[in-house]
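*Asks:* Need coordinates for the below:
(chains A and B)
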Amino acid sequence: MAKKKIRVGFPADVKEIEVAVPDGDSPPWDLDTKLAVAGTDVERLDGPEKASGRARYAYDVNLPRLCHAVVLRSPHAAAVVDSIDLSPAEKTKGVVAAVGVASGARLRYQGEEVAAVAAETEAIARDALAKIAVVYRPAEFVTDKDRARREGAPLVFPEMGTNVREAGPQGRDAEKLEEALRAADVVLDSTYRTQVQTHVCLETHGCVARWEGKGDEERLTIWASTQATNAWRSAFARRYRLGDRVRVLTPYMGGGFGSKFGPRTFEMWCVELARKAGRPVKLLADRKGEHLANGNRPDSVQRFRGGVTKDGKIAAVAIETYGTGGVSGGAGATNPAFYEVPVFSKTHSDVFTNAGPACAMRAPGWPQGVFAWDSFVDELAAAIGMDPLEFRRKNDPDPVRNAQYDIAAKEIGWDRREADGAGRGPVVRGFGIGNTQWFQAGGGSWKVVTKIHPDGTVEVRNSAQDIGTGTRTVLAIAAAEELGLRPDRIRVALGDTRDPDGPGSGGSQTAPSLFPAARNSAANARRAFLEAIASKMDANPDGLKLEDGFVLDTASGKQLAFAEACALLPEEGITEVGRRYDNYDGYKNTVAGTQFAEVEVDRETGQIRVVKVVAVQDCGQVIDRLTAESQVMGAVVGGLSYALFEDRLLDDRFGRMVNPDMLFYKIAGPVDMPEIVPILFDVANGKNNAGMMGLGEPPAIPTAAAIANAASNALGVRLRELPLTPDRVLAAIEAAEKGGGR
Amino acid sequence: MNRFEYVKPRSLDETCDLLKKGGTAKAGGIDLLDRMKEGISKPERLVGLASGQPEGARIVVDGEGATIGALATLAAVAADRRLAKFYPALVAAAGEAATPQVRNRATVGGNLLQEPRCWYYRLNDFDCLRKTGKNCPALHGRNRYHAILGYGPCPIVAPSNLAPALVALGATAEIAGGPSPRPVEGLYAPPDDTKRFFTLAPGEVVTAVALGPVGENAYVEVRHKRSFDWALASAAVARRAGKGWRIVLGAVAPGPWRAKEAEAALGDGVPDAAAIAKAADLAVKGAKPLSENAYKVKLARVAVTRALTEAAGGR
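*Replies:* Purely as a prediction, here's the structure:
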């Protein structure tokens, strides 16, 4: 353990802090560190593989004697399976195995798994599926969350006795709140609504499973589309008591966004079908199944009551929210503490309905919560006649975000913003702000392996997966920085559970959890490498440096190309492990971001066109500027799609979804894209040896708020419900014209 | 998807013969394959249209008009400069449809004769009047994309982008295996007929659409997304010497919807803003929106206003 002083923060807010660096951890990077590779633009190492179609996803895995499976899903929102007979399917020629729920099973939503069949071909499996004899006893159901809250509504879980689960209240007591509201100059009461959004991963959920061997030799290999290889391995090791004889492979992954952690029922069935059949089986969900059953972002109703003083300080805010995650809970909207709110209270209730289960989705709870929060902040500012940017500066204590406001305002041209509704003509222009925050410095005690081979190749290995976020490239940069090499010289092997454990890719933790460990493993490999070749170069290992692809002897000035030096290694090469140590206190625990949107709204048609989004984002030390900027852009694309288009539509009379496809479940396309300007705001964070913070989620949070605020500014009419469809925009204009309030 | 036979006829006669015997015509397959995958349509025999009509994709434009082969792709129509000169409404309608990938595959005939996109009809999770049901779930259900004008018991909307433009332009359909030519608007079954979407008899196939000389014309489409979306409402307008204006609405009725009262009010001159406003009001007169689609009345009105304004030389 060595004490070390480091300088952290950003030029306008520098702090000197002392950190205790454990033995084995690399010296922490700070504001004074000079880096060769980290922070530059590095092209994605797997870009050519992906663009050329050579990258193999679970869907692409084809094995000798592979069988194909399909799933039978419940057509009912609620039903009991009175009886189920798989035998007509099992007897069908070409069918190798079938599985299903037991008689008496209770089904709680359309799309819930009922059975699965594996056969020689997908067509045979589909035909056989239709022969399964299921007698459903349909039950009363409720898919509308407001109906579900009422007394006497059908119960999703009868044993609960209610469809509503209250979360514990947060914040101050009621008396203090009412007192603070009475003291405020203006009090507003606004209710915001958001929709259910599904993940729509381009690669649907699923896997390929293969069993080999018998008895104690029995081994299971699964190629899975997952963001948590290790969770899959332990789930199946437990289920089948296989110990370490399970191997999960996810070399490439086509999108998860939070929906692909543990295996789902039909994925468990795929493995079971393969076991029963004694042949490998592939099962990937179809698009309808994906929409219905494989996760979603819950909807929300968020009532905000808040007071503000004439000089522009928020006095008090009380928030009441509810929402439905279908048959799962977790429908809370996160209304984060961006702003100084002296008196705050919050209550929330989850409403259970007969619809597919919600699960984590890129910043779970945040985009909906921030849409409401930043909309309300704009309403408070408007109520006292203050510019929403000035209002935020008065109430936002974050030094990073305050610096970001200047950058974003300049880049978007905030001075072009006119008063709400000031534009003339059918198409009017508006500007709006949404803010974001996140808190991920990584963690765990993960290990990463670095190998240097005599043929000059360098390998970095961990069993975590790259879910498309650039982990592979980021880890190559760790080794490149420590070994004085170009990143494209490093081979990074991910997504194979034979390698050391890694984290599930959730909470934006993969890069900040693994990069510091990769740095340590590469640093250990460097020391071992120099030790090994020093005698052969007649040099003192302490005088050897690795730089620009050469080994440099600082004593003699002699140079040797890295590959030539590798040839001096013993046959087994160098294999070194580095681990992740605990986080330091650092500069601060959160990262900040702000997004400014410019939109055009057609007042006659209600169409919104997003012209430009400026996204200023802090993620601590930037590792790969190019990948990080891409990640911000991708987040803005998703946020725009959420703001304007995506909506899971159910027909409550039938308890069924009417748009389980990619036509009427609308997703933003190329022509809907605005100019997106990602601006990474560099902060030396100091919380880990790289000073880096997770980036996957924060930029996905504020886009909808920024767009809604911009559209509301353009119209002079507040839009309080997502998605911002033409009919809603027109209805809001009409209500305002009739004098229907703010 | 059901098992099916795929036949490539060697001539147009053979094509008609196969269709008469119960075959299902396949051009680009965009609409048909979607229905087959969902199990809404289960044809036993598909008859490929291309093999029997080697010239079926030709586009001929001359001083008298144009003939567009029914197998011409939307991309070909959208990119045709001669068509753009005389029939900007048609070229705009073709270019607005779907995506570049779909437009490269989808044909003029297929676009006209695609089945409605009503989700209750398209999904095997629901029954409806067009299937075995006795009720229409859309009338009192999720109907934000359904009809506001001229619907009977089934408030579908014709999804074709080309239909409003072609009807406004006074196009006729050339048909093999039956009486020909026929007006394009005559291809759509009347709104109270829930047994069929189109009037073509078994064995009939649209081989081309023919256009005569037309004056000013324009097409305006309002949609939710700018990429790959269906119109929420559209309007095609065209003026023909001595015959006056045609105003045709899309995505609001079971077929392309002629706004005849509005047409009559316009006369045959170039309208000013007041005349355009009056025509737009008349075009949506009598609209009966459903529970979720009153906004479409406004959109249809705006589409008519903008199309007429564009055709009349304004912006």
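*Asks:* Okay, helices next: where are they in chain B?
*Replies:* For chain B, the helices defined by DSSP state H cover B:12-20, B:30-38, B:74-79, B:81-86, B:88-96, B:100-103, B:108-112, B:119-122, B:162-168, B:260-266, B:273-283, B:295-311.
*Asks:* With distance to chain A as extra columns, can I get those helices in TSV?
*Replies:* Where C-beta positions appear, they are placed from N, C-alpha and C, glycine not excepted. Shown next, in TSV, are these (distance: least, C-beta to the nearest C-beta, whole Å):
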stretch	distance to chain A
helix B:12-20	24
helix B:30-38	9
helix B:74-79	14
helix B:81-86	20
helix B:88-96	11
helix B:100-103	9
helix B:108-112	15
helix B:119-122	4
helix B:162-168	17
helix B:260-266	18
helix B:273-283	11
helix B:295-311	4
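*Asks:* So which of the ones you listed is nearest A:Ser83?
*Replies:* Closest to A:Ser83 of these is helix B:30-38 (C-beta to C-beta; 27.3 Å).
*Asks:* From what I see, A:Phe596 and A:Asn435 are in contact.
*Replies:* No. Using C-beta atoms under 8 Å, A:Phe596 is not in contact with A:Asn435, being 10.2 Å away.
*Asks:* neighbour-wise, which of those two wins?
*Replies:* Each of A:Phe596 and A:Asn435 has its neighbours counted (other C-beta atoms under 10 Å in any protein chain shown); A:Phe596 has more, 30 against 25.
*Asks:* any idea of the mean pLDDT in whichever strand or helix holds that one?
*Replies:* If you go by DSSP states H and E, A:Phe596 is part of strand A:591-602. Regarding strand A:591-602, the rounded mean pLDDT is 98.
*Asks:* Show me what the helix or strand just after it is packed up against.
*Replies:* With elements assigned by DSSP H and E, the helix or strand that comes after strand A:591-602 is strand A:608-617. Contact here means 3 or more C-beta pairs under 8 Å, 6 or more residues apart in numbering or on different chains; DSSP states H and E; on that basis strand A:608-617 packs against helix A:399-412, strand A:591-602, helix A:625-644, strand A:675-680, helix A:703-715.
*Asks:* residues touching the residue of chain B at minimum distance from chain A, list them.
*Replies:* As assessed by C-beta to the nearest C-beta, chain A sits closest to B:Ser227 within chain B, at 2.4 Å. Going by C-beta atoms under 8 Å, 6 or more residues apart in numbering or on different chains, B:Ser227 touches A:668-672, B:99.
*Asks:* what's the neighbour count on B:Val102?
*Replies:* 16.
*Asks:* no wait, A:Glu411
*Replies:* 15.
*Asks:* Quick check, it in contact with A:Phe596.
*Replies:* Yes. Taking contacts as C-beta under 8 Å, A:Glu411 lies within contact range of A:Phe596: 7.4 Å.
*Asks:* Find the residues that touch each one of these two.
*Replies:* Joint contacts of A:Glu411 and A:Phe596 (C-beta under 8 Å, 6+ apart) are A:Val614.
*Asks:* what's the angle between the lengthiest helix in chain A and helix A:625-644?
*Replies:* The helix spanning the most residues in chain A, taking DSSP H as the definition, is helix A:510-534. On the basis of axes from the mean of the first three to the mean of the last three C-alpha atoms, to 10 degrees, helix A:510-534 is oriented at 170 degrees to helix A:625-644.
*Asks:* and the strand holding A:Phe596, which strands flank it?
*Replies:* strand A:427-438 (antiparallel), strand A:608-617 (antiparallel) (DSSP bridges).
*Asks:* Show the low-confidence segments of chain B, by residue range.
*Replies:* For chain B, applying pLDDT under 70 flags the ranges B:315.
*Asks:* tell me which parts of the stretch 51-200 of chain B are close to chain A?
*Replies:* B:99, B:117, B:119-120, B:123, B:125-126, B:137, B:141-142, B:144-145 (C-beta under 8 Å from any C-beta of the partner chain).
*Asks:* which of those residues count as buried?
*Replies:* B:117, B:119-120, B:123, B:125-126, B:137, B:141-142, B:144-145 (16 or more other C-beta atoms under 10 Å in any protein chain shown).
*Asks:* for those residues, which one is nearest A:Val400?
*Replies:* B:Arg144 (42.4 Å).
*Asks:* Near the closest residue to that closest one other than its chain neighbours, how many other residues are there?
*Replies:* The shortest distance from B:Arg144 to any non-neighbouring residue, by C-beta to C-beta, 6 or more residues apart in numbering or on different chains, is to B:Glu292 (4.3 Å). B:Glu292 is flanked by 17 other residues according to other C-beta under 10 Å.
*Asks:* before we move on, what about A:Met386?
*Replies:* The number of residues packed near A:Met386 is 17, by other C-beta under 10 Å.
*Asks:* Can I get the strands paired with strand A:591-602 in CSV including mean pLDDT?
*Replies:* Shown next, in CSV, are the strands paired with strand A:591-602 (pLDDT from 0 to 100):
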stretch, mean pLDDT
strand A:427-438, 98
strand A:608-617, 98
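*Asks:* Which one, of those, ends up nearest to A:Glu43?
*Replies:* For A:Glu43, the closest of the strands paired with strand A:591-602 is strand A:608-617, at 20.5 Å, according to C-beta to C-beta.
*Asks:* list the contacts for the residue most central in space within chain A?
*Replies:* Nearest residue to the geometric centre of chain A (C-alpha atoms, centre = their mean): A:Arg362, 3.1 Å. For A:Arg362, the contacting residues are A:257-258, A:635, A:638, A:696-697, A:700, by C-beta under 8 Å, 6+ apart.
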